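# Pasting the sequence and the predicted coordinates here, then a few questions.
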Amino acid sequence: MIDIKLIRENKELVKENIVKKYQDEKLPLVDEVYDLDIKVRELQTEGDNLKAEKNKLSKEIGALMASGKKDEAEKIKEKIAESNKRIAEIDEEFPKIQEEIKKRMMVIPNIIDDSVPIGKDDSENVEVQRFGEPTKKDYEIPHHADIIERVGGLDKASAGRTSGEGFYYLIGDIARLHEAMIAYARDYMIDHGFTYAIPPFMIRSDVVNGVMSFAEMEAMMYKIEGEDLYLIGTSEHSMIGKFKGQLLKPEELPIKMTSYSPCFRKEGGAHGLEERGLYRVHQFEKQEMIVICDEKEAMDNYNKMWKLTVEIFENFDVPVRQLECCSGDLADLKVKSCDIEAWSPRQECYFEVGSCSTLGDAQARRLGIRVKGEKENYYPNTLNNTVVATPRGLIALVENNYNEDGSISIPVALQPYMGGKKKIEPKN
């Protein structure tokens, strides 16, 4: 949510930003907020003036009564009664207009950074740079589900019986490798100065509304029936929500945390679920990172954060690239975002394994997270980044470390987490 001062002082900039995001249907909202804001401020002034006048007249009544001027006192009482009536009307109207302003402000997109490429959707995202050499094997790379099944590591049929489409059992060394990736990512982040946390896996609706747009919530999140609780789609939501309503001290910044959680997503819409494999599923696990910092430090932290993900995948022997998200692909709260994509030697293309975003002060403003300032309190910036999400990350590791004999080489970095094992061999 942007600062309403921006609409008061430069509504054309806000409109230009909406056009850049290809959301022209939201343009009328800017003028509506502008007009409603004028009205609510006029009501505020009128109400304040009436209350001040009422206090002044109330003092006069006592003096008039004391001097025996009852008629004059009664006339003033009539004026006060009229003022009270109007004050009551204002007190009823004021919050209604404020709510109308908030409803519109919640769907007006955040101002994107000048460096964001302009484009309509994810097909116009821009490759920035590559890390590691994409490999083309001189032998066939099977579908990742087949590779994992051949080493006895996947059972989707049983998961279909227990839970339905979009779920899975990981078995044996593959399950262990999956958890090794998460554990390695956790330790890597701790070594880089991030505080480790395991957050709640359910959050209330006021936190959901604070960290994401309504459209994102509807597409992603599962609601607990009969409860004001949602299963998290990423631990970033509960980690940012941890600071809801808090007044932070300047010396506490930047706050750098890394968190583990299972994640739950509907994965509806055009993409749908993947029947055979593990790429698009209803549940997965993730090591996440968040930073809360001053605005002037946000972009520096942003660049440090996505590079940590790159380093981890390089240590998994997986080539990756950074893809800059264009304006039309940015969620409404985001100022700037990039995807980290891993190389698939089977498909000979890249696929997304992580995303890094800076959201300005939008989440802090929605959640009431402030920092104590010398003259006045202010809203900090919030950032988040996927460290490792798996089984999607597992797919990248398995394909890039698959051998012609059907075995999977375990990257050196993960071998201590696998009891020293160097390969996962296929079953007879």
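Okay, I see it.

# low-confidence ranges in the stretch 201-350 of the chain?
Counting by pLDDT under 70, the stretch 201-350 of the chain contains low-confidence residues at 268-275.

# one more time with 80
Under the criterion of pLDDT under 80, the regions of the stretch 201-350 of the chain flagged as low confidence span 213-219, 267-276.

# which stretches of it form helices?
According to DSSP state H, counting those that start in this stretch, the stretch 201-350 of the chain carries its helices in the segments 205-211, 214-220, 235-241, 295-315.

# so how far is the second one from its chain's centroid?
From the chain centre to the centre of helix 214-220 is a distance of 11 Å (CA atoms, centre = their mean, to the nearest Å).

# now do the last one
Taking the mean of its C-alpha atoms, helix 295-315 sits 16 Å from the chain's own mean (CA atoms, centre = their mean).

# still on that earlier bit, which stretch among the helices of the stretch 201-350 of the chain comes nearest residue 328?
Shortest separation from residue 328 across the helices of the stretch 201-350 of the chain is recorded for helix 214-220, at 13.7 Å, computed as CB to CB. From N, CA and C alone the C-beta is placed, and that goes for glycine too.

# In that closest one, which residues are buried?
Along helix 214-220, the positions that meet the burial threshold by neighbour count (16 or more other CB atoms under 10 Å) are 217, 220.

# Could you pull up phi and psi at residue 357?
In terms of degrees, to the nearest 10, the main-chain angles of residue 357 are phi -140, psi 140.

# got the contact list for it?
Residue 357 makes contact with 302, 331, 334-337, 383-385, according to CB atoms under 8 Å, 6 or more residues apart in numbering.

# quick one: it from residue 408, how far?
With distances taken as CB to CB, to the nearest Å, residue 357 is found 32 Å from residue 408.

# Filter the contacts of residue 357 down to the ones in strands?
When DSSP state E is applied, these are split such that 336-337, 383-385 fall in strands.

# Now render the helices of the stretch 201-350 of the chain as CSV, adding distance to residue 426.
Formatted as CSV, the entries for these read as follows, by distance: least, CB to CB, whole Å:
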stretch, distance to residue 426
helix 205-211, 43
helix 214-220, 36
helix 235-241, 34
helix 295-315, 25
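
# For residue 266, which of the ones you listed is the nearest?
Go through the helices of the stretch 201-350 of the chain one by one with CB to CB and the one that ends up closest to residue 266 is helix 214-220, at 6.0 Å.

# Contacts for the closest one, please.
106-107, 208-209, 212, 230, 233, 265-266, 268-269, 331-332.

# who touches residue 139 in this structure?
Applying CB under 8 Å, 6+ apart, the residues contacting residue 139 are residue 404.

# mind checking the longest helix of this structure?
The longest helix of the chain (DSSP state H) is helix 27-66.

# Give me the helices and strands touching that helix, please.
The criterion is 3 or more CB pairs under 8 Å, 6 or more residues apart in numbering; DSSP states H and E, and the helices and strands that helix 27-66 contacts are helix 4-20, helix 70-105.

# pLDDT on the longest one, on average?
Put plainly, it is helix 70-105. Computed over helix 70-105, the mean pLDDT rounds to 88.

# And the first one, by the same measure?
On average, the pLDDT along helix 4-20 is 95.

# Run the angle between it and helix 27-66 for me.
Angle, helix 4-20 to helix 27-66, by axes from the mean of the first three to the mean of the last three CA atoms, to 10 degrees: 170 degrees.

# Chain neighbours aside, what residue packs nearest to residue 113?
The shortest distance from residue 113 to any residue that is not its chain neighbour, by CB to CB, 6 or more residues apart in numbering, is 4.2 Å, and that residue is residue 336.

# most tightly surrounded among the helices of the stretch 201-350 of the chain?
Ranked by average neighbour count under the criterion mean count of other CB atoms under 10 Å, those are headed by helix 235-241 at a mean of 26.

# so is residue 389 in a helix, a strand, or just coil?
Three-state call for residue 389 (DSSP: H, G, I helix; E, B strand; the rest coil): strand.

# residue contacts, it?
By CB under 8 Å, 6+ apart, the neighbours of residue 389 are 263, 284-287, 353-354.

# Alright, that wraps it up for me.
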